[in-house]
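Colleague: Need a 3D model of the sequence below.
(one chain, ligands or ions: 1)
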Amino acid sequence: MESSKQRSSFSGRLGYVLSVAGSAVGLGNLWRFPYLAAKYGGGIFLLVYLVLAVTFGFALIVSETALGRMSRKSPIGAFHFFGSKKLKIGGWINAIVPMMILPYYCVIGGWVIKYLFEFLRGGNGLAENDYFSHFIADPTAPLIWFAVFGIATFFVVICGVEKGVEKSSKILMPILVVLAVFIAGYSVTRPGAWEGVKYYLIPDFSKFSLMTVVAAMGQMFYSLSIGMGILYTYGSYMKRDIDMEKSVGQIEIMDTLIAFLSGLMIVPAVFVFSGGDQTALNAGPGLMFMTLPKVFNSMPFGNIVGVVFFLLVLFAALTSSISLMETCVSTLQDQTHWSRKRCSLLMWGEMLLIGIPCSLGFGIWQGIAPLNMSILDFFDFLSNSILMPIAAFFTCLLIIKVVGFKKIADEVKFSSKFRRQRLYEFCMKYLVPICLLAILLSSVLNSLQIIKI
Ligand code: PFF
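Modeller: Predicted coordinates:
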């Protein structure tokens with residue numbers, strides 16, 4: 001990152017909100033949220049997610065943004081700035097997470113381009129049951145599409161044309177919302193969809209387990225880009241007269257709305273086309289790719305809807321992958337002082353190194369299953385359920401032990417009323433650290449099969 005003197009900043013609140021929303025709204029909302037909601041009990045997952053977003057999520061976004069704005073640094077620099085030698089590792093963990101996400105994010109981005117390409121060619125066969133599983137098991141095709149998405153991200157970052165892409169996403173994002181409302185409306189009115197709507201909206205407490213909380217929390221981190229340094233960086237570009245509390249609220253609402261709509265497009269459709277049996281609901285990362293082509297196939301002009309939809313998903317994914325790559329490159333630049341080109345090339349190499357196994361893990365490397373997961377799921381689990389909670393825990397410690405709540409409140413109050421100050425402090429002092437530790441411990445023990453949650 002640049003030094004504080006030359007640091008650029010957002011022109012106003014709208015610029016800030018739209019840029020962060022461009023980074024936050026991506027595959028997490030459209031691809032990841034629906035398959036987790038389907039798997040972890042529908043309504044109960046939605047409820048837990050919402051509760052976590054307005055407590056945990058709110059508290060952590062405010063914290064990271066305030067720490068970024070106070071220090072004018074990205075995470076490693078921010079931990080250093082506050083002079084906490086013992087907690088320095090926390091800055092590093094925050095910085096490493098995006099490096100773990102970027103590779104598999106590009107693998108899924110590749111799937112999106114493949115589906116866009118196929119819809120452009122007429123969409124033949126996409127709605128068939130085995131299409132997706134055959135595609136991801138292929139030894140070369142997914143790798144080629146992964147490379148195409150990775151190269152697109154890389155070029156945007158290295159040519160410095162992010163602004164152009166961000167600007168177009170500001171127009172495309174509202175169109176995405178309108179299209180999502182339309183597709184969700186179509187989905188929920190199909191015969192048999194009502195059972196799915198009920199499954200998605202009405203919490204069934206018998207389906208609650210600690211795993212629901214673990215999954216919802218990981219999703220919240222992922223979707224709101226918490227625990228990965230990104231909000232520190234965005235906060236460091238935020239001017240002090242921008243109302244932080246209001247901006248954070250708007251970003252949360254936008255992000256959650258798109259995730260909610262995405263679930264409404266997909267979960268009821270699973271009931272329409274597969275009767276909602278548990279195997280179909282448990283489909284995992286492929287759910288969006290297996291379900292939506294069936295929806296489009298059944299509607300008039302479905303092919304055109306398919307093209308437009310996947311084009312919009314591609315843009316949402318690109319704005320997110322660009323900000324992931326940008327964060328990784330600037331962290332590397334900050335620490336090594338190497339040229340931007342060299343750092344970008346290194347990140348590209350790292351992306352291939354982790355991304356290729358993630359892609360092959362669904363096909364010829366299926367036998368490699370760390371903790372009984374596919375390689376992609378393993379990296380997803382490692383980053384979302386382990387590293388992000390640890391990173392967030394360090395942010396809590398930094399505030400509790402070093403910075404203090406008074407300074408954070410002063411920073412927020414510079415431009416906000418900070419109406420939720422009491423909620424914020426309660427969450428950061430008690431709820432977040434205690435729950436983070438409990439959840440982290442149980443998810444690790446569960447994945448090592450020491451306990452069953
Ligand atoms: N929040 C993004 C999503 O939901 O797709 C993922 C992401 C983007 C994480 C950018 C981190 C980031 F820096």
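Colleague: buried stuff in the longest helix along the chain?
Modeller: Ranked by number of residues, the top helix in the chain under DSSP state H is helix 302-336. Across helix 302-336, burial judged by 16 or more other C-beta atoms under 10 Å covers 302-303, 305-334. Just so you know, the C-beta spots here come from the backbone N, C-alpha and C atoms, and that holds for glycine as well.
Colleague: ditto for stretch 24-31
Modeller: Under the neighbour-count criterion of 16+ other C-beta under 10 Å, stretch 24-31 has Ala24, Val25, Gly26, Leu27, Gly28, Asn29, Leu30, Trp31 buried.
Colleague: Ok, stretch 359-370 next?
Modeller: By 16+ other C-beta under 10 Å, the buried positions in stretch 359-370 come out as Ser359, Leu360, Gly361, Phe362, Gly363, Trp365.
Colleague: Give the phi and psi angles for the third one, as a check.
Modeller: The phi and psi torsions at Gly361 (degrees, to the nearest 10) take the values phi -60, psi -20.
Colleague: quick one: the spatially closest residue to it that is not a sequence neighbour and the ligand, what's the gap?
Modeller: Nearest in space to Gly361, with sequence neighbours left out and distances taken as C-beta to C-beta, 6 or more residues apart in numbering, is Ile375 at 3.2 Å. Computed as C-beta to the nearest ligand atom, to the nearest Å, the Ile375 to the ligand distance reads 19 Å.
Colleague: ok, how many other residues are close to Ile375?
Modeller: By other C-beta atoms under 10 Å, 23 other residues sit near Ile375.
Colleague: wait, it sits on Ile364?
Modeller: No: with contact defined as C-beta atoms under 8 Å, Ile375 does not reach Ile364; the gap is 11.5 Å.
Colleague: residues near the closest residue to Ile144 other than its chain neighbours, how many?
Modeller: Closest residue in space to Ile144, ignoring its immediate chain neighbours: Gly110 at 7.8 Å, by C-beta to C-beta, 6+ apart. For Gly110, the count of nearby residues is 24 (other C-beta under 10 Å).
Colleague: and the helix or strand harbouring Gly110, does that touch the ligand?
Modeller: Following DSSP states H and E, one finds Gly110 within helix 88-120. Yes: Helix 88-120 comes into contact with the ligand (C-beta under 6 Å from any ligand atom), by way of Pro98, Ile101.
Colleague: So which residues lie in contact with whatever helix or strand comes next after that helix, not counting its own?
Modeller: Using DSSP H and E, the helix or strand that follows helix 88-120 in sequence is helix 131-137. With contact meaning C-beta atoms under 8 Å, 6 or more residues apart in numbering, helix 131-137 is reached by 111, 114, 125, 141-142, 286, 289-290, 293, 359, 362-363, 366.
Colleague: at 6 Å instead, please
Modeller: Here helix 131-137 makes contact (C-beta atoms under 6 Å, 6 or more residues apart in numbering) with Gly125, Pro142, Gly286, Phe289, Met290, Phe362, Gly363.
Colleague: Now, of the residues you listed, which are buried?
Modeller: So, by 16+ other C-beta under 10 Å, the buried ones in the contacts of helix 131-137 are Pro142, Gly286, Phe289, Met290, Phe362, Gly363.
Colleague: Would you mind giving the secondary structure of the last one?
Modeller: Same thing as Gly363. Secondary structure, DSSP: H, G, I helix; E, B strand; the rest coil: Gly363 is coil.
Colleague: Contact partners for it?
Modeller: Ala137, Pro139.
Colleague: do the second one as well
Modeller: Applying C-beta under 6 Å, 6+ apart, one finds that Gly286 lies in contact with Phe132.
Colleague: on that earlier part again, ok, the residue nearest to Gly361 touching Ser359?
Modeller: No: Ile375 lies out of contact with Ser359 (C-beta atoms under 6 Å); the separation is 8.4 Å.
Colleague: Please identify the residues of the stretch 1-150 of the chain in proximity to the ligand?
Modeller: Ser23, Ala24, Gly26, Leu27, Gly28, Asn29, Pro98, Ile101.
Colleague: Apply 8 Å and report the result again.
Modeller: For the stretch 1-150 of the chain, the contact set with the ligand under C-beta under 8 Å from any ligand atom comprises 23-32, 97-98, 101, 105.
Colleague: Could you provide the residues you listed in JSON lines, with additional columns for secondary structure?
Modeller: Converted to JSON lines, those look like this (three-state DSSP):
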{"residue": "Ser23", "secondary structure": "helix"}
{"residue": "Ala24", "secondary structure": "helix"}
{"residue": "Val25", "secondary structure": "coil"}
{"residue": "Gly26", "secondary structure": "coil"}
{"residue": "Leu27", "secondary structure": "helix"}
{"residue": "Gly28", "secondary structure": "helix"}
{"residue": "Asn29", "secondary structure": "helix"}
{"residue": "Leu30", "secondary structure": "helix"}
{"residue": "Trp31", "secondary structure": "helix"}
{"residue": "Arg32", "secondary structure": "helix"}
{"residue": "Val97", "secondary structure": "helix"}
{"residue": "Pro98", "secondary structure": "helix"}
{"residue": "Ile101", "secondary structure": "helix"}
{"residue": "Tyr105", "secondary structure": "helix"}
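Colleague: Appreciated, that's everything.
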